[in-house]
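*Asks:* 3D model of this:
(one chain, ligands or ions: 1)
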Amino acid sequence: MPRKAEKLGRGRKRCQACGAINPARAVECKSCGYQFVKGGKSRAPGKVGGSATADDAAIQEVVSFIRQHGSVESARQVVEDVRQLLEKVGSMEKILKCFDLVSLIRENI
Ligand SMILES: [Zn+2]
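*Replies:* Below is the predicted model:
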């Protein structure tokens with residue numbers, strides 16, 4: 001059944017993996033975690049509608065991240081917090097700049 005295309009509006013993009021609408025700046029789909037930036041290796045990962053593809057290298061990275069943060073729950077919380085901050089601030093670069101500014105300010109207090 002062909003569904004009428006929703007208007008995406010400005011600054012939005014649709015996840016090609018699950019169809020969720022995301023902010024244009026989103027690095028990954030907030031619904032399925034699909035990576036927009038590197039876009040996966042190929043356009044069509046073969047399986048559609050499944051979970052985000054996770055390769056071994058990615059899993060290892062995430063596992064060591066989880067170890068740093070003690071548990072899956074706290075690691076997930078960190079990622080979630082960063083993602084929300086990123087959505088509000090706009091870019092990681094800006095966030096890091098803010099960290100610099102804040103630490104400068106604190107040094108002067
Ligand atoms: Zn998605």
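
*Asks:* please report how far the nearest residue to Tyr34 once chain neighbours are set aside lies from Gly9.
*Replies:* Spatially, and ignoring its direct neighbours in sequence, Tyr34 is nearest to Ala17 (3.9 Å; Cβ to Cβ, 6 or more residues apart in numbering). From N, CA and C alone the C-beta is placed, and that goes for glycine too. Here Ala17 is placed at a distance of 20 Å from Gly9 (Cβ to Cβ, to the nearest Å).

*Asks:* more neighbours, those two?
*Replies:* Ala17 (25 against 8; other Cβ atoms under 10 Å).

*Asks:* the ion contacts on this structure?
*Replies:* Residues of the chain lying near the ion by Cβ under 5 Å from the ion: 15, 17-18, 20, 29, 31-32, 34.

*Asks:* who does the residue most central in space within the chain bridge with?
*Replies:* Geometric centre of the chain, nearest residue: Glu28, 3.6 Å, by Cα atoms, centre = their mean. Beta-bridge partners recorded for Glu28 (DSSP bridges): Gln35.

*Asks:* quick one: contacts for it?
*Replies:* Glu28 is in contact with 34-37, 52, counting by Cβ atoms under 8 Å, 6 or more residues apart in numbering.

*Asks:* let's see 10 Å
*Replies:* 15, 17, 22, 34-38, 52, 79, 83 (Cβ atoms under 10 Å, 6 or more residues apart in numbering).

*Asks:* show me which of these are buried.
*Replies:* Among the contacts of Glu28, the ones that count as buried by 16 or more other Cβ atoms under 10 Å are 15, 17, 22, 34, 36, 52, 79.

*Asks:* what's the spacing between the nearest residue to the first one once chain neighbours are set aside and Leu101?
*Replies:* I take that to be Cys15. Excluding its sequence neighbours, the residue lying closest to Cys15 (Cβ to Cβ, 6+ apart) is Cys29, at 4.0 Å. Going from Cys29 to Leu101 by Cβ to Cβ gives 31 Å.
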